[in-house]
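K.L.:
Turn this into a structure:
(one chain, ligands or ions: 2)
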Amino acid sequence: MRFYDRSGEMETLRRAVRHKGSAMVVISGRRRIGKSRLVDEFMNENDGYRAFAVPKEEKLVAGDFADALSEGGGYRPVFNTVRDAFEYFLARAEKRIMYVDEFPNLLEVNPSIPFELQKLWERYSASTDKVLIFSGSYVGMMDRIFTRRKPRSLAGTAKWKDRDGDNRPCARDP
Ligand SMILES: Nc1ncnc2c1ncn2[C@@H]1O[C@H](COP(=O)(O)OP(=O)(O)O)[C@@H](O)[C@H]1O
Ligand SMILES: [Mg+2]
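P.N.:
Ligands and ions are numbered 1, 2, ... in the order given. The predicted structure follows:
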């Protein structure tokens, strides 16, 4: 299917990479609204790592993240926890962008992950230019994770305006 217009949401993502420092973009919207496709299209022009969060034992999810963060040349990192995977991305990974699809599933893996991520973001975001993109279908849960316990970068969130109410994914950036 031809990619129909998501120029506002694309612009939010492009702005995050144009921006010189680190950025976090949160995309929420109900299932099948086009969140994953939006980031796929974006990542056709901006290379990055892509992980899909599945609710299962953390060690297995850490393995999925290690696959996602593997380099083209064959290097594959090893992680015991999802936290370690995020730290590796923020501190050492080659590529600048990482996308985690269906982020709320990570709460089932380990409820402390958003908290750990917040601590990592506070530690690394000022000294790196990494771009983290998260998406999730449970809009209420995304709001709870990223506003009530917001990583600091989201404190001044300029909310992207959702023109068609429920019919579009909502992408926000710092
Ligand atoms: N902007 C778009 N233009 C054309 N097709 C789209 C667009 N966004 C999504 N789709 C299609 O709609 C379906 C659902 O999109 P998807 O990205 O999987 O939704 P979500 O990740 O929000 O559940 C997919 O088949 C996808 O290719
Ligand atoms: Mg999806």
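K.L.:
Against Glu45, how distant is the residue of the chain found nearest ligand 1?
P.N.:
Relative to ligand 1, the nearest point of the chain is Gly34 (2.7 Å; Cβ to the nearest ligand atom). The way it works is simple: take the backbone N, C-alpha and C, and place the C-beta from them, glycine included. Separation of Gly34 from Glu45 (Cβ to Cβ, to the nearest Å) stands at 17 Å.
K.L.:
So between the two, which is more surrounded?
P.N.:
Gly34 (18 against 10; other Cβ atoms under 10 Å).
K.L.:
Who are the contact partners of the nearest residue to Gly48 once chain neighbours are set aside?
P.N.:
Of all residues beyond its chain neighbours, the one nearest Gly48 is Ile97 (2.8 Å), with distances taken as Cβ to Cβ, 6 or more residues apart in numbering. Counting by Cβ atoms under 8 Å, 6 or more residues apart in numbering, Ile97 touches 17, 43, 46-49, 130-131, 133.
K.L.:
Drop anything exposed from those.
P.N.:
17, 43, 46, 48-49, 130-131, 133 (16 or more other Cβ atoms under 10 Å).
K.L.:
Intersect those residues with the contacts of ligand 1.
P.N.:
The subset of these within reach of ligand 1, counting by Cβ under 6 Å from any ligand atom, is empty.
K.L.:
mind listing which of these are in strands?
P.N.:
Those of the buried ones among the contacts of Ile97 mapping onto strands are 48-49, 131, 133, per DSSP state E.
K.L.:
which stretches of this structure form strands?
P.N.:
Ranges of strands in the chain, per DSSP E, are 23-28, 48-52, 97-101, 131-136, 170-172.
K.L.:
Which residues in the first one does the neighbour count mark as buried?
P.N.:
Of the residues in strand 23-28, 23-28 count as buried by neighbour count, 16+ other Cβ under 10 Å.
K.L.:
Ok, the third one next?
P.N.:
Residues 97-101 are the ones in strand 97-101 that count as buried (16+ other Cβ under 10 Å).
K.L.:
where's Leu69 relative to Arg31, distance?
P.N.:
Taking Cβ to Cβ as the measure, Leu69 falls 26 Å from Arg31.
K.L.:
Who has more neighbours out of the two?
P.N.:
With neighbours defined as other Cβ under 10 Å, Leu69 and Arg31 compare such that Leu69 has more, 23 against 9.
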